[in-house]
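Undergrad: no sequence on this one, just coordinates:
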């Protein structure tokens, strides 16, 4: 049964829908012209599948493009919130600043086994093998699109693109000219202000931006509201068209944050284990340069370099990481209906992990991680404009592995007509070990035994092997008519050498470090294996020029178990139970003269591994454009209940994600 507040929201939605029926004869306003037709959308060029522009419709991978206009109209204020609209992507909010995100299973707060990039810069960290979402912020209005590959992308992007790739691409500076200022706030997003200014001088375009916000804690028991969040960030981008063949990009960002975190701090001295609520100090910056050159009609290359600095100071650990990365790519079009792409890459990460508490430390705390890669890929046109075969492999070496590892891929694409595409693929991909598996001591307090403290400790495992995936995919896309588009994908993934938590011996007395205590020895191992299978469907229908309907449904079945030699303590059920089996989304977008109305409904299945029940909720955004300069909007999120649970992760229990409303005023000149 719906609560009285939910019934009130539903009633207001019905009133708005009635208004739309009365106004449906109106012509779309200026903002509606930004919406691409279905045919234009199907031919939208993407770069994530092959690092070169190619039509999304003619891609042999499960690619989904979330445009900047769709993000803006959803009312999303962060990248994780925008990713909720992508089929097959699991997004669950843990607290105010933390999210659990996964693709086709394995959702976690660090998005393990998913490679995340912003304008080609990898934000995946080898510290804990994932992405820190609390510092992946950008001006939402500057996002051109988010390209998401559901499924392995290691042949092109290298290790850790096992279950997918998320590529956030911002707009060219020439597309953000003039001044834009926006500000607003609400009950949860308490206040925010954004500004951007763009200009040009001949072939050179530039922009600068700044943003800041304050976020309130989510719903907690009295006295436990720890997760307030404040952030300030700024940056720039310069794009220069040197001539008809050369383009240059230079861009950078800098940020400083205070993010409330609740963490468990364990040490060998009393009180042994305690929950600490404190502000994590998060800061960093990056600068990236990219040169693209067309040597001839059959030869072009790209050179990219960047530097990224991360500084995280939390109550239980600290890290300063400096990343230096260089990547080269060349494409050669050969006479025999072939296109060969090859590339080289190198990344070096000097890192310093200072010891904050004795129960969590890296040994050695100062070290250097590195990654060396090379790849080659050959696209063969078996039948011009109809059938193509793509073969390729990535070669890689890291400080965590010995020898050279391969990530091969075979993809077949058939386009029997301009309105439909069928494709199939096999890919081998891997997640390389991380610092937390090979250099990590993690202490857990169990209790006391005969008055003596009793701990379990995970010790470094220098023999931790890469996690392996063999992925099989098949897909079909069809532009049924100018108003109806359908995209369907099925997959089967077989995994081995998956992460496990292994007991490696009997308890014993240990006196160093003191005081004397019982210790149960453990380590992170490769004791799990299994498979996932599922399907995703994403239709879109345009019943009228002013009305757009989109939907998606994802089904996931996971089956994991431990290998015969494994001493895993029971990790598999938690992993399987931390991803929903069913997810569904329905979106409706209206353009009525100067009024925009966007409605979103979401259903997410239960997470039994985290004691999170299934939930349904809805979002609404209403925007009124006064003129070309001013726009006022109100967005409501999670409106169908006062609060609900989405994911575990807080050491004190589940955090309720609150219903929220915010208003925004935007001025452009």
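TA: Noted; the coordinates are in hand. Every value quoted in this text rests on a predicted model; they were computed, and no experiment measured them.
Undergrad: What's the first helix or strand after the least confident helix or strand in the chain by mean pLDDT?
TA: Lowest mean confidence among the helices and strands of the chain (mean pLDDT, DSSP states H and E): helix 4-23, at a mean of 38. Next helix or strand after helix 4-23 toward the C-terminus (DSSP states H and E): helix 38-42.
Undergrad: now what about that following helix, what contacts it?
TA: Here helix 38-42 makes contact (Cβ atoms under 8 Å, 6 or more residues apart in numbering) with 55-57, 65, 67, 477, 479, 482-485, 540, 542. Quick note: C-beta positions are derived from backbone N, CA and C, even for glycine.
Undergrad: out of those residues, which are buried?
TA: By neighbour count, with 16 or more other Cβ atoms under 10 Å, those hold 56-57, 65, 67, 477, 479, 483, 485, 540, 542 as buried.
Undergrad: what ranges do the helices span in this protein?
TA: For the chain, applying DSSP state H gives helices covering 4-23, 38-42, 68-74, 79-83, 154-157, 435-438, 571-576.
Undergrad: I'd say residue 534 and residue 553 touch.
TA: No. The criterion here is Cβ atoms under 8 Å, and residue 534 misses it with residue 553 at 10.5 Å.
Undergrad: Leaving out chain neighbours, which residue sits closest to residue 448?
TA: residue 454 (6.0 Å; Cβ to Cβ, 6 or more residues apart in numbering).
Undergrad: Return the set of buried residues in the top strand by length along the chain.
TA: Ranked by number of residues, the top strand in the chain under DSSP state E is strand 273-296. Buried positions in strand 273-296, judged by neighbour count with 16+ other Cβ under 10 Å: 273, 277-280, 282-288, 290-293.
Undergrad: ok, back up a step: so residue 534 and residue 553 - more neighbours on which side?
TA: residue 534 (20 against 17; other Cβ atoms under 10 Å).
Undergrad: so how far is residue 90 from the residue lying closest to the more buried one once chain neighbours are set aside?
TA: Closest residue in space to residue 534, ignoring its immediate chain neighbours: residue 556 at 4.2 Å, by Cβ to Cβ, 6+ apart. Distance check for residue 556 against residue 90: by Cβ to Cβ, to the nearest Å, it reads 8 Å.
Undergrad: what is in contact with those two at once?
TA: Contacts common to residue 556 and residue 90, judged by Cβ under 8 Å, 6+ apart, are 105, 579-580.
Undergrad: Let me have these in a markdown table, extended by distance to residue 163, pLDDT and neighbour count.
TA: As requested, the shared contacts of residue 556 and residue 90 are exported to a markdown table (distance: Cβ to Cβ, whole Å; pLDDT from 0 to 100; neighbours: other Cβ atoms under 10 Å):
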| residue | distance to residue 163 | pLDDT | neighbour count |
| --- | --- | --- | --- |
| 105 | 7 | 94 | 25 |
| 579 | 11 | 95 | 23 |
| 580 | 15 | 97 | 22 |
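Undergrad: With respect to residue 495, which of these is nearest?
TA: Taking Cβ to Cβ as the measure, residue 105 is the one of these closest to residue 495, at 9.4 Å.
Undergrad: For the closest one, give me its contacts.
TA: 90, 163, 532, 556, 558, 579 are the contacts of residue 105 under Cβ under 8 Å, 6+ apart.
Undergrad: Selecting buried members of the residues you listed in ChimeraX, what would you type?
TA: Of the contacts of residue 105, the buried ones go into a single ChimeraX selection, burial set by 16+ other Cβ under 10 Å:
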select :90,163,532,556,558,579
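Undergrad: Strands - which of the contacts of residue 105 land there?
TA: Those of the contacts of residue 105 lying in strands (DSSP E): 90, 532, 556, 558.
Undergrad: buried stuff in stretch 341-354?
TA: By neighbour count on 16+ other Cβ under 10 Å, the buried set for stretch 341-354 is 341-343, 345, 347, 349, 351, 353.
Undergrad: Which ones among these map onto strands?
TA: Reading strands off the buried residues of stretch 341-354 with DSSP E, I get 341-343, 345, 347, 349, 351.
Undergrad: burial measure for residue 314, as a count.
TA: By other Cβ under 10 Å, neighbour count at residue 314 equals 19.
Undergrad: ok, the nearest residue to it once chain neighbours are set aside to residue 115 distance?
TA: Nearest in space to residue 314, with sequence neighbours left out and distances taken as Cβ to Cβ, 6+ apart, is residue 280 at 4.3 Å. Here the criterion is Cβ to Cβ. By it, residue 280 lies 24 Å from residue 115.
Undergrad: before we move on, what about residue 437?
TA: Remark: distance between residue 437 and residue 115 (Cβ to Cβ) = 18 Å.
Undergrad: So between the two, which is more surrounded?
TA: A direct count of neighbours by other Cβ under 10 Å for residue 437 and residue 115 places residue 115 higher, at 28 against 24.
Undergrad: Now that one. Nearest residue, chain neighbours left out?
TA: Closest to residue 115 by Cβ to Cβ, 6+ apart is residue 161, at 3.8 Å.
Undergrad: For the one you found, what are phi and psi?
TA: The phi/psi pair for residue 161 (degrees, to the nearest 10) reads phi -90, psi 60.
Undergrad: what pLDDT does it get?
TA: Among the per-residue scores, residue 161 holds a pLDDT of 92.
Undergrad: Now do the contacts for it.
TA: Residues near residue 161 by Cβ under 8 Å, 6+ apart: 114-115, 149, 152-154, 429.
Undergrad: Sounds good, over and out.
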